[in-house]
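In: Show me the folded form of this:
(chains A, B, C and D)
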Number of protein chains: 4
Amino acid sequence: MLKTAIVTMLFGIAAYSSHAQDSKKPAEMTPEMTEQWEPEPQVVTPGTNNAAAPSDAIILFDGKDLSKWKSKNGEGDAAWPVNDGYFTVGKGDISTKQGFRDFQLHLEWSAPEKVEGEGQGRGNSGVFLQDRYEVQILDSHNNRTYSNGQAGSIYKQYPPLVNAMRKPGEWNSYDIIYTAPRFNEDGSLFSEARVTVIHNGVVIQNNAVIRGATEYIGLPKYKAHGNAPISLQDHGNPVRFRNIWIREL
Amino acid sequence: MLKTAIVTMLFGIAAYSSHAQDSKKPAEMTPEMTEQWEPEPQVVTPGTNNAAAPSDAIILFDGKDLSKWKSKNGEGDAAWPVNDGYFTVGKGDISTKQGFRDFQLHLEWSAPEKVEGEGQGRGNSGVFLQDRYEVQILDSHNNRTYSNGQAGSIYKQYPPLVNAMRKPGEWNSYDIIYTAPRFNEDGSLFSEARVTVIHNGVVIQNNAVIRGATEYIGLPKYKAHGNAPISLQDHGNPVRFRNIWIREL
Amino acid sequence: MLKTAIVTMLFGIAAYSSHAQDSKKPAEMTPEMTEQWEPEPQVVTPGTNNAAAPSDAIILFDGKDLSKWKSKNGEGDAAWPVNDGYFTVGKGDISTKQGFRDFQLHLEWSAPEKVEGEGQGRGNSGVFLQDRYEVQILDSHNNRTYSNGQAGSIYKQYPPLVNAMRKPGEWNSYDIIYTAPRFNEDGSLFSEARVTVIHNGVVIQNNAVIRGATEYIGLPKYKAHGNAPISLQDHGNPVRFRNIWIREL
Amino acid sequence: MLKTAIVTMLFGIAAYSSHAQDSKKPAEMTPEMTEQWEPEPQVVTPGTNNAAAPSDAIILFDGKDLSKWKSKNGEGDAAWPVNDGYFTVGKGDISTKQGFRDFQLHLEWSAPEKVEGEGQGRGNSGVFLQDRYEVQILDSHNNRTYSNGQAGSIYKQYPPLVNAMRKPGEWNSYDIIYTAPRFNEDGSLFSEARVTVIHNGVVIQNNAVIRGATEYIGLPKYKAHGNAPISLQDHGNPVRFRNIWIREL
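Out: Residues are numbered from 1 along each chain as shown, chains lettered A, B, ... in the order given. As a prediction, the model looks like this:
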């Protein structure tokens, strides 16, 4: 095939010689011309299963301690109780010490096995992307609330596409692919944040365009910011977390 | 908080009475105003693990037979050999009988345990989204080829972000979130296809904008089409497949 | 340059012969390979000046009559008074008889020379793209109102980037480039409408993403629709219009 | 209407009192809640006609001299001949001294009245956005060449939607709305450049996504850059220019 292509090309040149670019003969390419050799993608060793951290991930919680976290307001320690392999929501929100921009985040969480409260009052917490864009955490198993406030919603913005919630006490996973908003130098918004969320293997947000920082009251708005941490919300319910890792994209 | 909001609003009304819309006082909302109750997201039971099909998935291969598939060219049976729990590439490409538009696709594949050939000649196959947009399948473990031709590339368009390949003989998974292109009634392109690919739990394509149908030679182009099947490529290598399911989005 | 390219290619072939696609030598293209000859763009004769209709435009008002328009609600005539070269807002909204999807629209309008009222009460009308997405018309010359309600705003959604308003009685032009929203077959939204507006030669909306049908109260929402007319609003003020033409894109 | 809304709200509060956010009653908004008062758009005085520079434009050529321009390669003067009201292509490309990012650009140009050469050899020049993304200038009146090389094409990328060319010797206008690409800190591309081009009042590029810096040979690629000038090309033909202004967006 290659050989033929070249012959065609030589004929082509003979045929239209001096004013090549004005010919209507389409010029045939060769297979190599659409090969891209550089750069070579970096080798990453995947985890032993798809929930396990790959080799280039930053481990945010490995089951042992909250050393990668701090209290959200201030520089104090993240004082949430850690048990063997998981931690439980305690007093006050917590944030990662490190800030992030675009990323892939894996986290696992469990609504309290003992079912208490209803609606927003049952198993409520939240993961804040860049400290301000909330993916809702809630016990949404047989627990009706507003659709854009249930588990997997972009809180007060988008309901999840479906409700893929496991039972209270069972472990849920969120796999989140996040593109940060970009701002111009004058602080104006250039492009919105976008997020894809996979809940227990089921796509529930598909490249959703985030409208601004999560607001409990009123419409979301953007305000310029740089890299920012992942935060977890204390909403007064003993939601548990485990196996949290992040890859910068 | 609610109470306060209402009081503010009543004061506001008293203050600007008859020509309300010309006031500069911002009107305060209440929390309920950004709740969206309808529709209620459908309940989907996730699989027992994230690779297992959720309750709303169409099972394309459950380990037993190729009854959901046919030969790509024509209506003949998909004549690839099926073993216990997996099938192996045989003669000619195969396609699903059903066509799809936007979807989430899970599939698992394995490069031949016996390593033979090099570059594009080693463990080569491919999954064609809507029968024409190829996500490359290749044994990319210690096997350099052009970057936009290795496993997880959008073939001849985009290299994977990283190389998350497992060893020959081990099972790899692709989780693919795909948005079909849209065409105008006159056949012109309205919007390109977009795809996110997760390889063994690692994001390797992040909402990549597909440039057109995959071409071995020359530049990709779009040509209008409707729903179309998932196809698998016979490139002459005994690549194996298992656990294939799809959810329409 | 061509000659050199070919020589390089021949050398290249000699060098990597039989397993061409595994070479790391970049294959050089020729200039013709990125030429696209077909289709040939259609010839359009532009107007004698940039406000005059080009040869492929549909003339919606040429200064003589409203034969291309009807009353918005029902099939009655558009009963707004026509003078020599312009028409004035009369009783009830009016719509074009023809529906449109994507388009370039030119229209000229003038706020009443006699200044009466204030805020939203002065020289208020509006052009509704596809009968539901309003670009505000208002006398915004020295007339403060809410920013997303002044002339050139996407009403209740986006303020204009700047206020490029001429004085009352003078003619303003809007040049509007509009891409309709697309809907899936089940009525769900696939992509939002987008609009660019040029007011008196000044860009005031730059590919703004419309949030849904214009609402006076509450948040905009999308509801599936097909081609739809251009409508003009009767807001009780004698706004004048002239020179209206549209090109389908 | 306002009054009613408030009454409804008070009833609503009475009805669901303490666990407000779990009610299914939609909360009604008032018109003021979707008003945005701040910031107030800046007042800009439009030109006396739509081709004339508005008050916030930077005048790049006012008919008198090339003081805002320099030779493209180096810091030398722009040595192209200036006549009364226009200038003509001379030796070597020229660039504005100032760099720009996002902008609205107006320029007028004329193909040589004396028709000489054919295809790419007739009336060829070009305007390079940010010094590297070319909108083609060519005498495309009765002069067939490749479609993505004629006047108004994004050179070697997109043909114009239509051919709105005036006759040789007559003045053409380009109104260009340009959004610069954005790059990540590591130099990788975040978002492509986009451009809308209006030729003599006719939309010929509608938010086209630029594929990379213009290449005569081979495929376009992006390479990170900051603000950059507008450049004009010396292709050996006496194309004339006049009335050039730009507004930063």
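
In: Go through the helix or strand hosting A:Phe190 and flag the buried ones.
Out: Element membership for A:Phe190, per DSSP states H and E: strand A:189-191. Of all the residues in strand A:189-191, those buried under the rule 16 or more other C-beta atoms under 10 Å in any protein chain shown are A:Phe190, A:Ser191. For the C-beta atoms, the positions are set from N, CA and C on the backbone; glycine is no exception.

In: and what of stretch A:113-124?
Out: In stretch A:113-124, counting by 16+ other C-beta under 10 Å, buried: A:Val115, A:Gly119, A:Gln120, A:Gly121, A:Arg122, A:Gly123, A:Asn124.

In: isn't the second one right up against A:Gln150?
Out: In other words, A:Gly119. No - contact criterion C-beta atoms under 8 Å: A:Gly119 and A:Gln150 do not qualify, at 9.4 Å.

In: what sits in contact with each of the two?
Out: Taking C-beta atoms under 8 Å, 6 or more residues apart in numbering or on different chains as the contact rule, A:Gly119 and A:Gln150 both touch A:Asn143.

In: quick revisit: can you redo the buried residues of stretch A:113-124 as a markdown table with pLDDT, secondary structure and distance to C:Ile137?
Out: Shown next, in a markdown table, are the buried residues of stretch A:113-124 (pLDDT from 0 to 100; DSSP: H, G, I helix; E, B strand; the rest coil; distance: C-beta to C-beta, whole Å):
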| residue | pLDDT | secondary structure | distance to C:Ile137 |
| --- | --- | --- | --- |
| A:Val115 | 98 | coil | 56 |
| A:Gly119 | 98 | helix | 45 |
| A:Gln120 | 98 | helix | 43 |
| A:Gly121 | 98 | helix | 48 |
| A:Arg122 | 98 | coil | 50 |
| A:Gly123 | 98 | coil | 51 |
| A:Asn124 | 98 | coil | 46 |
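
In: Output the residues you listed as CSV; include the columns distance to chain C.
Out: Converted to CSV, the buried residues of stretch A:113-124 look like this (distance: C-beta to the nearest C-beta, whole Å):
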residue, distance to chain C
A:Val115, 33
A:Gly119, 22
A:Gln120, 21
A:Gly121, 26
A:Arg122, 27
A:Gly123, 28
A:Asn124, 24
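
In: re the thing from before, the strand holding A:Phe190 and chain C in contact?
Out: No - Strand A:189-191 does not reach chain C (C-beta under 8 Å from any C-beta of the partner chain); its nearest approach is 11.0 Å.

In: so what strands line up beside that strand?
Out: strand A:182-183 (antiparallel) (DSSP bridges).

In: Which residues outside the strand it pairs with are in contact with it?
Out: With C-beta under 8 Å, 6+ apart, strand A:182-183 has contacts from A:Leu189, A:Phe190, A:Ser191, A:Tyr222, A:Ala224, A:His225, D:Arg182, D:Phe190, D:Ser191.

In: okay, among these, which ones form the most distant pair?
Out: A:His225 and D:Ser191 (18.2 Å; C-beta to C-beta).

In: what stretches of chain A score poorly on pLDDT?
Out: For chain A, applying pLDDT under 70 flags the ranges A:1-26.

In: Let's see that with 90 instead.
Out: Chain A contains residues with pLDDT under 90 at A:1-28, A:73-75.

In: And it, what are its domain boundaries?
Out: As assigned by automatic domain parsing, chain A contains the domains A:2-31, A:58-248.

In: okay, those domains, which one's buried deepest?
Out: domain A:58-248 (a mean of 19; mean count of other C-beta atoms under 10 Å in any protein chain shown).

In: Span of it from start to end?
Out: Start and end residues of domain A:58-248 are separated by 8 Å (C-alpha to C-alpha, to the nearest Å).

In: likewise stretch A:179-186?
Out: Stretch A:179-186: ends 21 Å apart by C-alpha to C-alpha.

In: cool, stretch A:230-249 as well?
Out: Termini of stretch A:230-249 sit 15 Å apart (C-alpha to C-alpha).

In: touching chain B at all, it?
Out: Yes - part of stretch A:230-249 sits near chain B under the criterion C-beta under 8 Å from any C-beta, namely A:Arg247, A:Leu249.

In: That stretch near chain D at all?
Out: No - Stretch A:230-249 does not reach chain D (C-beta under 8 Å from any C-beta); its nearest approach is 10.0 Å.

In: starting at the chain centroid, how far to that stretch?
Out: Here stretch A:230-249 is found 12 Å from its chain centre; the criterion is C-alpha atoms, centre = their mean, to the nearest Å.

In: what does stretch A:226-244 give?
Out: On C-alpha atoms, centre = their mean, the centre of stretch A:226-244 falls 14 Å from that of its chain.

In: How about stretch A:85-100?
Out: That offset, for stretch A:85-100, works out to 17 Å (C-alpha atoms, centre = their mean).

In: Send me that stretch as CSV with only the CA atoms.
Out: Backbone C-alpha positions of stretch A:85-100 (Å, rounded to 0.1, in the frame of the first residue of the first chain) are rendered in CSV as follows:
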residue,chain,number,x,y,z
GLY,A,85,-9.5,1.1,57.6
TYR,A,86,-12.0,3.9,57.7
PHE,A,87,-12.8,7.2,59.3
THR,A,88,-16.1,8.8,60.4
VAL,A,89,-17.4,12.3,60.2
GLY,A,90,-16.6,14.3,63.3
LYS,A,91,-16.6,17.9,64.3
GLY,A,92,-16.2,20.5,61.6
ASP,A,93,-15.4,20.1,57.9
ILE,A,94,-12.0,18.8,56.8
SER,A,95,-9.8,19.5,53.8
THR,A,96,-6.8,18.1,52.2
LYS,A,97,-3.6,20.0,52.9
GLN,A,98,-2.7,19.9,49.2
GLY,A,99,-4.6,21.9,46.6
PHE,A,100,-5.6,20.5,43.2
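
In: List of residues touching that stretch?
Out: Against stretch A:85-100 from outside (C-beta under 8 Å, 6+ apart): A:58, A:60-61, A:63, A:66, A:68-73, A:78-81, A:110, A:125, A:128, A:130-131, A:226-242, A:246, A:248.

In: Let's see that with 7 Å instead.
Out: A:60-61, A:63, A:66, A:68-73, A:78-81, A:125, A:130-131, A:227-234, A:237-242, A:246, A:248 (C-beta atoms under 7 Å, 6 or more residues apart in numbering or on different chains).

In: Ok, stretch A:184-202 next?
Out: So stretch A:184-202 is contacted by A:129, A:133, A:135, A:152, A:154, A:160, A:162, A:164, A:166, A:172-183, A:204-210, A:222, A:224, B:44, B:46-47, B:50-51, B:54, B:177, B:196, D:182, D:191 (C-beta under 7 Å, 6+ apart).

In: ditto for stretch A:208-220
Out: A:132-134, A:154-158, A:192-195, A:221-223, B:29-31.

In: Save the domains of chain A as TSV, and put in distance to D:Ser95 too.
Out: As requested, the domains of chain A are arranged in TSV below (distance: least, C-beta to C-beta, whole Å):
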stretch	distance to D:Ser95
domain A:2-31	25
domain A:58-248	22
